[in-house]
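Student: quick one, fold the following:
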Amino acid sequence: MKKLLASLVLVTVAALGLAACSAPADPVVVDEGTVVVDVRTPGEYAQGHLTGAINLDIQSAAFDSEVKRLPIDATYVIYCQSGNRAGTAVSRMAAMGFSDLKNAGGIADASKATGLAIITAP
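Tutor: Numbers count the residues shown, from 1 in each chain. This next block holds a predicted model:
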């Protein structure tokens, strides 16, 4: 009985952990004023990115200065490969005074949530 209970607890914890890494539950509205930001490297961006996305590499030394050139009152949808770098970007942008920020997770999740196609090089 103890082994069964321990197994159930382990499965529940694992399921909760996976749910935390999944796509946003709600659709993300992208309208004319929304800025979609891909925070992956330029190489990753070139391999495929969401329609209309701008590329601001979170790992670049120029990230903060590039972000400071953006309108602070715009709506931002931010994504990366898995969601980790997007989370870091959201935190850094929030610290700079941006408030309308949505971490859309990884590129596939962001595409599903926003309805934007992934553009790939020919």
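
Student: just the buried positions in the helix or strand residue 85 falls within, please.
Tutor: Element membership of residue 85, judged by DSSP states H and E, is helix 84-95. In terms of neighbour count (16 or more other CB atoms under 10 Å), helix 84-95 has its buried residues at 85, 86, 87, 88, 89, 90, 93. C-beta here means a position set from N, CA and C on the backbone, and glycine is covered the same way.

Student: residue contacts, the fifth one?
Tutor: By that I understand residue 89. 37, 39, 56, 58, 63, 78, 80 (CB atoms under 8 Å, 6 or more residues apart in numbering).

Student: quick one: pLDDT of it?
Tutor: pLDDT recorded at residue 89 is 98.

Student: once you drop chain neighbours, what's closest to it?
Tutor: Closest residue in space to residue 89, ignoring its immediate chain neighbours: residue 39 at 4.5 Å, by CB to CB, 6 or more residues apart in numbering.

Student: contact partners of stretch 44-64?
Tutor: In contact with stretch 44-64 (CB under 8 Å, 6+ apart) are residues 35-42, 66-67, 79-81, 85, 88-89, 92, 96, 107, 110-111, 114, 116-121.

Student: okay, now the unreliable bits of the protein?
Tutor: 1-25, 122 (pLDDT under 70).

Student: all strands for it, in order.
Tutor: 34-38, 49-50, 54-55, 75-80, 101-106, 118-119 (DSSP state E).

Student: can you spell out which residues form a bridge with the residue nearest the centre of the chain?
Tutor: Against the mean C-alpha coordinate of the chain, by CA atoms, centre = their mean, the closest residue is residue 79 at 2.5 Å. On the basis of DSSP bridges, residue 79 is bridged to residue 38.

Student: perfect, that will be all.
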